[in-house]
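Colleague: here is my input; please provide its structure:
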Amino acid sequence: MYLDSAKKVEIFTEYGQSATNTGSAESQIALFSFRIKHLTEHLKKNHKDYRTARSLTKLVGKRRALLDYLYDRDINRYRAIVKALGLRK
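Modeller: This is a model prediction of the structure:
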């Protein structure tokens, strides 16, 4: 599987404050970004996989909602995570 527990711990350690802080907005955004990147690569090879396309759309919406939440709460944390992940906005 592309996302095992070791990879999750690595993502949470890098973008969250610790490996056990899985609920922070930054760590969730980073996890969603990793999953979005993986699904995008999958859809490049399997363009007729409509279920995965729907899942990708839902994930992008969830990430956007978390980014909007972070933007409203703390603009500095928002700018830091966008810069760290290389997102456009």
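Colleague: phi, psi of residue 20?
Modeller: phi -90, psi -10 (degrees, to the nearest 10).
Colleague: can you check the one 3 residues further on too?
Modeller: Taking degrees, to the nearest 10, you get phi -100, psi -10 for the backbone angles of residue 23.
Colleague: how about the helices in the chain?
Modeller: 5-15, 25-45, 50-73, 75-85 (DSSP state H).
Colleague: and the angle for the second one with helix 50-73?
Modeller: This means helix 25-45. 150 degrees (axes from the mean of the first three to the mean of the last three CA atoms, to 10 degrees).
Colleague: quick one: distance of helix 25-45 to the chain centre.
Modeller: How far helix 25-45 lies from its chain's middle: 5 Å, per CA atoms, centre = their mean, to the nearest Å.
Colleague: could I get the buried residue list for it?
Modeller: 25-36, 39, 42-43 (16 or more other CB atoms under 10 Å). Backbone N, C-alpha and C define where each C-beta goes, glycine included.
Colleague: thanks a lot, catch you later.
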